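Enquirer: Sequence plus the predicted model coming up.
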Amino acid sequence: MMLLFNHSKIVKKVLQKEFKRLDIPFEAVSSSEIKPVGNPCKEKMKILKKRLAEYGIQVVEDPKEKLVAKIKEVIHQMVYSENNLPTTKNSVLLSEKLGYSYGYLSTIFSESTLISIENYIILKKIELVKLYLLRNDVSITETAFKLNYSSVGHLCNQFKKKTGLTPSEYQSIMSKRIAAFV
């Protein structure tokens, strides 16, 4: 058995629960952003930050860090969409969704994360490939198509470059590990 879950739904539930628990009024800005309404007391906000940190959720206040978080959110939505990845260039999509030039977004992102947007997208896509490989219900050809790879070979080369394993080697190793726990 494997458990699959939607990160954004879990995070949203945790945020709503903790805001309500502390009686802090809030509004949902996006699928992964909730902000307090009004000016809650500093003590409540300190407690909220501590509780959220236990879940690995950080409170972002710096404008540049907020933009980086939004870039990551758009990339996450793009990669984990139920539909195939959009055929629009990533740079155009990010610029249109966030209202900044791609050059600016790229600079802020790289300065903050020490990785390029392109590499971050590749890592997110590789995460999803791993999930598909574990599920065994989507072929590598379908996966390459869903994630807009130019070919299965391109996906396999990129996977090996990032993980050190071919997709079939990864699948075999993980199948053995899962079988050992069952």
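Expert: Right, received. Where do you want to start? Residues are numbered from 1 along each chain as shown.
Enquirer: what's the domain layout of the protein?
Expert: Domain assignment of the chain by automatic domain parsing yields the ranges 7-59, 64-181.
Enquirer: quick one: Tyr80 and Phe19, what's the gap?
Expert: As defined by Cβ to Cβ, to the nearest Å, Tyr80 lies at a distance of 25 Å from Phe19. The way it works is simple: take the backbone N, C-alpha and C, and place the C-beta from them, glycine included.
Enquirer: Looking at these two, which has the bigger crowd around it?
Expert: Phe19 (22 against 16; other Cβ atoms under 10 Å).
Enquirer: Please identify which helix or strand holds that one.
Expert: Element membership for Phe19, per DSSP states H and E: helix 7-21.
Enquirer: Show me how far that helix is from its chain's centre.
Expert: 17 Å (Cα atoms, centre = their mean, to the nearest Å).
Enquirer: May I see the buried residues of that helix?
Expert: Judged by neighbour count (16 or more other Cβ atoms under 10 Å), helix 7-21 contains these buried residues: 11-12, 14-15, 18-19.
Enquirer: Distance of the spatially closest residue to His154 that is not a sequence neighbour relative to Met45?
Expert: With Cβ to Cβ, 6 or more residues apart in numbering as the criterion, His154 has its nearest non-adjacent residue at 7.3 Å, and that residue is Ala144. For Ala144, the distance to Met45 equals 46 Å [Cβ to Cβ].
Enquirer: Quick check on these two: which one has the bigger neighbour count.
Expert: Ala144 (20 against 15).
Enquirer: May I have the phi/psi pair for that one?
Expert: phi -60, psi -40 (degrees, to the nearest 10).
Enquirer: measure it to Leu155 for me?
Expert: 4 Å.
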